[in-house]
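Novice: 3D, please:
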Amino acid sequence: MKIDFHVHTNISSDSLINVADLAKKSKKLSVIPAITDHNSVAANSKMKSFNVPFIPGEEIATDRGDLTALFVNEPIARKTPFAEALDLIHEQGAISYLPHMFDKTRYGAIPTEKEASKIDIIEIFNSRCHSEVYNSRAKTFAQKHKILSAVGSDSHFLFEFGTTYATLPDFDLDSPKQLLKSLKAAKFTTKKAPLYVRGTTSLVKLKRKLLG
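Specialist: Take a look at the predicted model:
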């Protein structure tokens, strides 16, 4: 089972990935996307209509940086305090996933020692982290605190999807607990995104904002 733990659709203001196109490519490549749109779970219901496996999620802009909820059903509001967001994720029976935590060019969040105990997964490779230092520090943090690791493409354009993913033993995709158990035996396939994608993403966001 292959999973990309960090994928955006055009529900995110800076992404151009159509849900239908994502579903089609996911089926073709047999890579399961975790849909992690910014502060929204709206794409999850759309994805269900295509009858392809996926993990419903949300990338929450907390008061201290980004925090992803996997298997979340109800959205968690933007600017929610980081510690509170962790509790709200677990109250839904969902999984807390910390993306690009040391990336100084984005809104990474570094948990306190107490908060670290509530993090289920740390993203140790994000395809859009162009300084390997950021990914390396995340991996070191995960190892130090004995937190499970995963990888994500952080796709905002369809061509990015399918290049970075974790290969896990098969498990019940409706079970967050089984995912965590299976992730212990995961192997990672990773590829850095082209340098231009971050700048292009910013232009997409600006254009969509101007066009309303």
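Novice: Now stretch 20-36: average pLDDT?
Specialist: The average pLDDT for stretch 20-36 rounds to 98.
Novice: Can you give me the buried ones in that stretch?
Specialist: Judged by neighbour count (16 or more other CB atoms under 10 Å), stretch 20-36 contains these buried residues: 22-23, 25-26, 31-36. Any C-beta I mention is one placed from the backbone N, CA and C, and that applies to glycine too.
Novice: Same check on stretch 59-73?
Specialist: 59-62, 64-72.
Novice: so which of the residues you listed comes closest to His90?
Specialist: Ala69 (9.3 Å; CB to CB).
Novice: and the closest one, which of the three is it?
Specialist: With DSSP: H, G, I helix; E, B strand; the rest coil as the basis, Ala69 sits in strand.
Novice: Pro33 is in contact with Ser26, correct?
Specialist: Yes. Using CB atoms under 8 Å, Ser26 is in contact with Pro33, at 5.6 Å.
Novice: who touches both of these two?
Specialist: With contacts defined as CB atoms under 8 Å, 6 or more residues apart in numbering, the residues shared by Ser26 and Pro33 are 54, 161.
Novice: what ranges do the helices span in the protein?
Specialist: Ranges of helices in the chain, per DSSP state H, are 19-29, 42-48, 82-91, 113-116, 132-145, 176-183, 197-210.
Novice: For the first one, which outside residues touch it?
Specialist: Residues lying outside helix 19-29 but in contact with it, judged by CB under 8 Å, 6+ apart, are 2, 7, 9-11, 31-33, 35, 43, 46-47, 50, 52-54, 158, 161-162.
Novice: Can I get the helices of the chain in TSV including distance to Ile124?
Specialist: As requested, the helices of the chain are exported to TSV (distance: least, CB to CB, whole Å):
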stretch	distance to Ile124
helix 19-29	22
helix 42-48	25
helix 82-91	19
helix 113-116	14
helix 132-145	4
helix 176-183	12
helix 197-210	19
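Novice: what's the closest of these to Ile122?
Specialist: Going by CB to CB, the one of the helices of the chain nearest Ile122 is helix 132-145, 4.1 Å.
Novice: what pLDDT, on average, does that closest one get?
Specialist: Rounded mean pLDDT across helix 132-145 is 97.
Novice: Repeat that for stretch 167-177.
Specialist: 97.
Novice: I'd guessed Phe188 sits against Ser127; true?
Specialist: No. With contact defined as CB under 8 Å, Phe188 does not count as touching Ser127 (11.4 Å).
Novice: Please say which of these two ends up with more neighbours.
Specialist: Neighbour totals were compared for Phe188 and Ser127, and Ser127 leads with 24 against 13 (other CB atoms under 10 Å).
Novice: mind listing what the more buried one touches?
Specialist: Per CB under 8 Å, 6+ apart, neighbours of Ser127: 152-155, 160, 163-164, 190-193.
Novice: Just among those, which is most surrounded?
Specialist: Most neighbours among the contacts of Ser127, by other CB under 10 Å: Asp154, with 30 neighbours.
Novice: Pull the number of nearby residues for the residue lying closest to Thr200 once chain neighbours are set aside.
Specialist: Take Thr200 and drop its neighbours on the chain: the residue closest to it by CB to CB, 6 or more residues apart in numbering is Phe157, 7.5 Å away. Neighbour count of Phe157, defined by other CB under 10 Å: 17.
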